[in-house]
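Asker: What follows is a predicted structure for the sequence shown.
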Amino acid sequence: MKTVDPKQLKDMLHDGGELALLDVREAGQFGESHLLFATPLPYSRLELDIGALVPRKSARMVICDDGILGVAELAAKRLGKLGYTDVAVLDGGTRAWTRAGQVLFKGVNVPSKLFGELVEHEYGTPRITAQDLVRMKEAGDDFVVFDGRPLNEHQKMTIPGSTCCPNAELPYRVSSMVKSPKTKIIVNCAGRTRSILGAQTLINFGVPNPVYALENGTQGWYLSDLKLEHGSTRKYPEAIDASSLPALQESSQKLIRRFSIRTATPRQVEAWLGEAGRTTYLCDVRTPEEFAAGSIPGARHAPGGQLIQATDQWVGVRNARIVLIDGGENVRAPVVASWLKQLGCDAWVLEGGVKSGLQGVSALQPALPGLAKIAALELKKMLDAGNCAVFDLGASMGFRKAHIPGSRWSTRIRLAADARNRKQSVVLVAEEAGVAQSAAVDLLEAGIQDARLLEGGLAAWTKGGFLTEATPDSPPDPECIDHLFFVHDRHAGNKAAMRQYLAWETGLIAQLDKQDKQLFRVHAFK
């Protein structure tokens, strides 16, 4: 099996070529300690997600784990069988990386979090504290608060009175919601990154209003002993004021010139999609409602600035082309492109957006084995007769709350060992059938032929009137490799976790070495 050492990998990260650096450990393991530019792709979801993250099978790839688990080698073997032709393993994994004097990072979406901190430092983004906002309200100031996160996050908790308007939608819709140029605009998120980027987006776009980031977002608000609002449904208007569009497009053109944003015709993009030696992603940045109404074949939905916030969820190949698609208004795609370029990405705007006529491509479908299905009633009879072993492949925290009595929690990397030497039928429980089908690949290789899937998962079991059980301490914490315990309860009222998380965010820049910092291209225009 081909391997690379840490020095070779460091050189690869800086040679300007395409590279997919994939960490195939489960989410909890990845979040505790990983390479800065590693993309998380848990082995449990390898076949399900690899086609979207790395669509070109000849792309250069390096797979890593901690150097002990052996999952990197196993994943590399699977990728070879899937047709990927340039796959190497980081020799010694994250442990070797550390021994070579390189830094490991905690958390998730770290490059994007780092980027937010760099933006604040470089641009000097204006900010106010929670107490400042309280005083503004008491003084009767003219202001509005926008939550720059998606609606589901806004509904969970937000600043009282705020309106959901995800960051990439803000420049496009703000004039339909704020009529006076004197109204102060405050942008919040749950922590820091999207507050900073949302506020700076409006400033860069040329909005005449005074704009501020709410320092530390909802966590800063709660740490100031102020109450959050839960369940808010306030959101941006579906339609914009049509009379504002010419002015928006004029501002967009200024942004395009300022950041040298490049546009591509449908014909160019179609040619790119057919290239054998270069990777091209299609990302639709519109709202969920717009995307649901129809998009370009092969485009993935990356709404409201989330592509900036969590680039590694959509793009697994560094230095690939990213083609951005909006509604044809040529506002939202340039806004996202302006930030992706500063993140170091090769970002392009599709001329005409979703109305361009681009034919797109068919999405790659995972090649997975079929699994015989079993109904909940039949499973109940088999369990009562002792004729099966049931393994739950859902989230470990979900298993603690509710699972089929007698079932055992497992995950793909350990399932074959857990099921080995069992003479009964093996029944898999999963919310997503593909997770069970992926795990079945390993079961079949281990010689376990009689594996079945509970049709409809745990929901079908419950709907059938059968009882579940809870085990708050099982599986024990060390076995919950899919769950990131690092400040996991910061949104559940744990102030110590909030403080730890905010200190982690603000401390990221200090961990960044000079060579890696050059991969970010934050360019404040002053």
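Answerer: Received it, and whenever you're ready, just let me know what you need. Here the structure is a predicted model, which is why all the values come from computation and not from measurement.

Asker: For Val349, list each beta-bridge partner.
Answerer: For Val349, the beta-bridge partners are Thr263, Leu324 (DSSP bridges).

Asker: was I right about it contacting Arg332?
Answerer: No: the criterion here is CB atoms under 8 Å, and Val349 misses it with Arg332 at 9.5 Å. C-beta here means a position set from N, CA and C on the backbone, and glycine is covered the same way.

Asker: Common neighbours of these two, please.
Answerer: Between them, Val349 and Arg332 share these contacting residues under CB atoms under 8 Å, 6 or more residues apart in numbering: Asp326.

Asker: Helix, strand, or coil at Val145?
Answerer: Here Val145 takes the strand state, with states given by DSSP: H, G, I helix; E, B strand; the rest coil.

Asker: which ones are touching it?
Answerer: Listed by CB under 8 Å, 6+ apart, the contact set of Val145 reads 133, 159, 161-163, 186-188, 214.

Asker: circling back: more crowded one of Val349 and Arg332?
Answerer: Per other CB atoms under 10 Å, whichever of Val349 and Arg332 has more neighbours is Arg332, with 32 against 25.

Asker: What sits closest to the more buried one if chain neighbours are left out?
Answerer: In space, and not counting its chain neighbours, Arg332 is closest to Asp326: 4.1 Å by CB to CB, 6 or more residues apart in numbering.

Asker: State the distance from the one you found to Thr279.
Answerer: In this structure, Asp326 lies at 21 Å from Thr279, with CB to CB, to the nearest Å as the measure.

Asker: One more: Val315?
Answerer: If you go by CB to CB, the gap between Val315 and Thr279 works out to 9 Å.

Asker: what's the answer for Thr411, then?
Answerer: Counting by CB to CB, the gap between Thr411 and Thr279 amounts to 29 Å.

Asker: ok, now Thr3?
Answerer: Applying CB to CB, the value for Thr3 to Thr279 is 23 Å.

Asker: more neighbours, those two?
Answerer: For the pair Thr3 and Thr279, the greater number of neighbours falls to Thr279 (24 against 15), based on other CB under 10 Å.

Asker: quick one, phi/psi of the more buried one?
Answerer: Note on Thr279: its backbone torsions stand at phi -100, psi 130 [degrees, to the nearest 10].

Asker: In this structure it contacts Glu18, no?
Answerer: Yes: contact between Thr279 and Glu18 holds when scored by CB under 8 Å: they sit 5.8 Å apart.

Asker: Now the common contact residues for these two.
Answerer: 59, 317, 320.

Asker: could you dump the residues you listed to CSV with secondary structure and neighbour count?
Answerer: As requested, those are arranged in CSV below (DSSP: H, G, I helix; E, B strand; the rest coil; neighbours: other CB atoms under 10 Å):
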residue, secondary structure, neighbour count
Ala59, coil, 22
Val317, coil, 24
Ala320, coil, 20
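
Asker: could you redo those residues as a markdown table and give each row distance to Glu122 and pLDDT?
Answerer: Putting those into a markdown table (distance: CB to CB, whole Å; pLDDT from 0 to 100) gives the following:
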| residue | distance to Glu122 | pLDDT |
| --- | --- | --- |
| Ala59 | 31 | 98 |
| Val317 | 26 | 98 |
| Ala320 | 25 | 98 |
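
Asker: nearest to Val174, of the residues you listed?
Answerer: Lowest distance from Val174 to the shared contacts of Thr279 and Glu18 (CB to CB) belongs to Ala320, with 31.3 Å.

Asker: Next, count neighbours for Gly298.
Answerer: Neighbourhood size, Gly298 [other CB under 10 Å]: 18.

Asker: what about it, distance to Leu358?
Answerer: Remark: distance between Gly298 and Leu358 (CB to CB) = 9 Å.

Asker: for Leu453, same thing?
Answerer: In this view, Leu453 and Leu358 are 37 Å apart by CB to CB.

Asker: go on, Arg194?
Answerer: Computed as CB to CB, the Arg194 to Leu358 distance reads 29 Å.

Asker: between Gly298 and Leu358, what contacts are shared?
Answerer: For the pair Gly298 and Leu358, residues contacting each of them under the criterion CB under 8 Å, 6+ apart are Leu282.

Asker: need the helices for the stretch 151-300 of the chain, in chain order.
Answerer: In order along the chain, the stretch 151-300 of the chain carries the following helices (DSSP state H, counting those that start in this stretch): 151-156, 170-177, 193-205, 217-223, 245-258, 266-273, 288-292.

Asker: okay if I get those helices as a markdown table plus mean pLDDT and mean neighbour count?
Answerer: Rendered in a markdown table, the data for the helices of the stretch 151-300 of the chain read as follows (pLDDT from 0 to 100; neighbours: other CB atoms under 10 Å):
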| stretch | mean pLDDT | mean neighbour count |
| --- | --- | --- |
| helix 151-156 | 96 | 18 |
| helix 170-177 | 96 | 22 |
| helix 193-205 | 98 | 26 |
| helix 217-223 | 97 | 24 |
| helix 245-258 | 96 | 15 |
| helix 266-273 | 97 | 17 |
| helix 288-292 | 96 | 14 |
